[in-house]
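Q: Provided below are the primary sequence and the corresponding predicted coordinates.
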Amino acid sequence: MEVNNKIGVLIMAAGKGTRMKSSLPKVLQPMLDRAMIDYLLRSVAVNLNNIAVLVGSGGEQVEEHILKFNSEFKQNIKILWQREQLGTGHAVKCAVDWWKDLDDLIVLNGDLPLLTSQTLDNLINKFNLNKPDCAVITFIAENPGAYGRIIRENNNKIRIVEFKDANEAERGVKEVNAGCYFFTVKSLLKVIDNLKNDNAQGEYYLPDVLALMNNENMRVEAYAVSEDEMAGVNTQAELAQVSNVMRKRILEYWMGEGVRMLSPETVWISPDAELSRGVVIMPNVQIWGKSVIKENSYIGSGSILHDAIIGESCELVANVVIENSELKNFVKAGPFVYIRDNALLEDHAFAGKFVEIKNSHIGVNSKVPHLSYMGDATLGHDVNIGAGTITCNYDGEKKNKTIIGDNCFVGSDTMFVAPAQVGDNAATAAGSVITKPVPENALAVGRARQVNIDGWVKRK
């Protein structure tokens, strides 16, 4: 569908979300690793560019988040305010200056993360084809609970009966109000000011607009949508449920693109991650942020990636944690490796058991096989780091660099007291403490002389 500049979408995000029992506004609750409202915004922004978010309780936090969203996705979503929370009808009235010159207005709840762009596109096409004064979005609920019931009259009129006002027969209806509406703006303008607040809460309810339109012989329709896509979120339990639905959608998409998962029910993948065909993901893997995994790489069990870039044909054996770092092609890591803070491992590099690599550049075909820490280090190509080697990079005030040239052999348990520099083709003896530069082709021995005290143990 082409972008329509005369349709506006008003997203309702002013509620407190009291039942979430959180200081964070409801629409900002994390779902996978994005705010819940982001999923709806991304679905809406596919085909529409007149989008506004109505904020109220916690509005400053929501406004700050929307500004970041605009910057990230190059959107121009507007922020509108409902300073007093006097009901959904009052909320729409607060935004009237924004929508009054549009042709049509869509009102969506901000807690609909599962609504897809395809479904929204279908609803818009149906609304444009039928051109009613209003279309209310409904779904068939397995357990209707306290939802407002959709009553379809014989004269084709649609009305909403709130659960507390419904009789026994009406409560048996399973078609319920999703709280989302499509309006012809000129029709809405005729009735919106006639809303009353003569109810127990003293609030102005948007569903009452349907009764006002019926009284004016306007045409109101109801469009049914899958219950899965209309699932709202009011509690932490419901948030967990919709998060799991979204997780499954993401996994099914990537499996459809040729990613192999041995136990998808245990895998979590961010909506912003990018995977390629031939990737194998073992059980209990988490892939977060804008992580990228290229062709034919293997992600072993228990691995966790945050904003990681994994090149082609890499192997993460198991329990590898990578944060804000990159592995080029044919790199092997693990098990039990921590790679973080802008580390880079070049082609055919290796980081083995119980290794931490922080803000370091590991050259082509270089190896840090086990029990070592490389912090703020640069290794050339074909370097071998012996077990237990550490770059002592922090002097109490600042971090210092260790630079190791090409074709170097570092003996086990070497301590590099940074700043440290080792020339090409050099070596260090096991157990050395390196405090001075090591020239090319040299062997550095930095041990204290061994002294044996005869009979000491027996005397003690």
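A: Arrived safely. Numbers count the residues shown, from 1 in each chain.

Q: the residue nearest to residue 110 when sequence neighbours are not counted pairs with what?
A: The shortest distance from residue 110 to any non-neighbouring residue, by Cβ to Cβ, 6 or more residues apart in numbering, is to residue 13 (3.7 Å). All C-beta spots, glycine's among them, are computed from the backbone N, C-alpha and C. On the basis of DSSP bridges, residue 13 is bridged to residue 55.

Q: in contact with residue 13, which residues are there?
A: Taking Cβ atoms under 8 Å, 6 or more residues apart in numbering, we find residue 13 in contact with 25-27, 37, 53-56, 62, 110.

Q: make it 7 Å
A: Contact partners of residue 13, counting by Cβ atoms under 7 Å, 6 or more residues apart in numbering, are 27, 37, 53-55, 62, 110.

Q: contacts only, for residue 40.
A: For residue 40, the contact set (Cβ under 7 Å, 6+ apart) comprises 11, 108, 110, 112-113, 115.

Q: which one of those is nearest residue 213?
A: Of all the contacts of residue 40, residue 213 sits closest to residue 108, with 19.1 Å by Cβ to Cβ.

Q: phi, psi of the closest one?
A: Per-residue torsions, residue 108: phi -130, psi 140 (degrees, to the nearest 10).

Q: next one: residue 322
A: Taking degrees, to the nearest 10 as the convention, residue 322 sits at phi -130, psi 130.

Q: how near is the nearest residue to it once chain neighbours are set aside to residue 23?
A: Leaving aside its chain neighbours, residue 322 sits nearest to residue 308 (4.0 Å; criterion: Cβ to Cβ, 6+ apart). Residue 308 is 31 Å from residue 23, where distance means Cβ to Cβ, to the nearest Å.

Q: neighbour-wise, which of these two wins?
A: Legend: neighbour count by other Cβ atoms under 10 Å for residue 308 and residue 23, higher for residue 308 (28 against 7).

Q: doesn't residue 360 make contact with residue 340?
A: No: the pair residue 340 and residue 360 does not pass the contact test of Cβ atoms under 7 Å, sitting 9.7 Å apart.

Q: how is this protein partitioned into domains?
A: Domain segmentation of the chain under automatic domain parsing yields 7-230, 236-444.

Q: make a markdown table from these and add mean pLDDT and distance to residue 456 to it.
A: Converted to a markdown table, those look like this (pLDDT from 0 to 100; distance: least, Cβ to Cβ, whole Å):
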| stretch | mean pLDDT | distance to residue 456 |
| --- | --- | --- |
| domain 7-230 | 92 | 59 |
| domain 236-444 | 97 | 21 |
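
Q: can I get those domains in CSV including distance to residue 454?
A: Listed next are those as CSV, based on distance: least, Cβ to Cβ, whole Å:
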stretch, distance to residue 454
domain 7-230, 63
domain 236-444, 23
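
Q: and the ones you listed: which comes nearest residue 457?
A: Across those, closest to residue 457 is domain 236-444 (Cβ to Cβ), at 22.1 Å.

Q: then the longest helix belonging to the chain to PDB, C-alphas only?
A: For the chain, the helix reaching the highest residue count under DSSP state H is reported as helix 236-256. Output of helix 236-256 as PDB, limited to C-alpha atoms (Å, rounded to 0.1, in the frame of the first residue of the first chain):
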ATOM      1  CA  GLN A 236       3.800  -8.400  33.900                       C
ATOM      2  CA  ALA A 237       2.300 -11.900  33.200                       C
ATOM      3  CA  GLU A 238       0.600 -10.600  30.000                       C
ATOM      4  CA  LEU A 239       3.900  -8.900  29.000                       C
ATOM      5  CA  ALA A 240       5.600 -12.300  29.300                       C
ATOM      6  CA  GLN A 241       2.900 -13.900  27.200                       C
ATOM      7  CA  VAL A 242       3.100 -11.400  24.300                       C
ATOM      8  CA  SER A 243       6.900 -11.500  24.500                       C
ATOM      9  CA  ASN A 244       6.900 -15.200  24.000                       C
ATOM     10  CA  VAL A 245       4.500 -14.800  21.000                       C
ATOM     11  CA  MET A 246       6.900 -12.300  19.400                       C
ATOM     12  CA  ARG A 247       9.900 -14.500  20.200                       C
ATOM     13  CA  LYS A 248       8.200 -17.300  18.300                       C
ATOM     14  CA  ARG A 249       7.400 -15.100  15.300                       C
ATOM     15  CA  ILE A 250      11.000 -14.000  15.100                       C
ATOM     16  CA  LEU A 251      12.300 -17.500  15.300                       C
ATOM     17  CA  GLU A 252       9.900 -18.800  12.600                       C
ATOM     18  CA  TYR A 253      11.000 -15.900  10.300                       C
ATOM     19  CA  TRP A 254      14.700 -16.800  10.600                       C
ATOM     20  CA  MET A 255      14.100 -20.500  10.300                       C
ATOM     21  CA  GLY A 256      12.200 -19.700   7.100                       C
END
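
Q: and that helix, how far out from the chain's middle?
A: Offset of helix 236-256 from its chain centre (Cα atoms, centre = their mean, to the nearest Å): 12 Å.

Q: who does the following helix or strand past it touch, helix- and strand-wise?
A: From helix 236-256 onward toward the C-terminus, using DSSP states H and E, the following helix or strand is strand 260-261. Under the contact criterion of 3 or more Cβ pairs under 7 Å, 6 or more residues apart in numbering; DSSP states H and E, strand 260-261 touches strand 280-281.

Q: other residues contacting the longest helix of the chain?
A: The contact list for helix 236-256, computed with Cβ under 7 Å, 6+ apart, reads 20, 29, 31-32, 39, 113-114, 228, 231, 233, 261, 264, 267-269, 271, 275.

Q: for PyMOL, what selects the buried ones among these?
A: Selection of the buried residues among the contacts of helix 236-256 in PyMOL, burial being defined by 16 or more other Cβ atoms under 10 Å:
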select buried, resi 20+29+31+32+39+113+114+231+233+261+264+267+268+269+271+275
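
Q: in strands, which of the contacts of helix 236-256 fall?
A: Residues of the contacts of helix 236-256 located in strands (DSSP state E): 31, 261, 268-269, 275.

Q: pull the most distant pair out of those.
A: The distance between the two most remote of those (Cβ to Cβ) is 20.6 Å, for 31 and 261.

Q: that older thread, which of the contacts of residue 40 lies closest to residue 459?
A: residue 113 (74.7 Å).

Q: for residue 196, grab the count of nearby residues.
A: 10.

Q: and what about it, helix, strand or coil?
A: Secondary structure, DSSP: H, G, I helix; E, B strand; the rest coil: residue 196 is coil.

Q: gap between it and residue 211?
A: 10 Å.

Q: and residue 331, by the same measure?
A: Counting by Cβ to Cβ, the gap from residue 331 to residue 211 is 65 Å.
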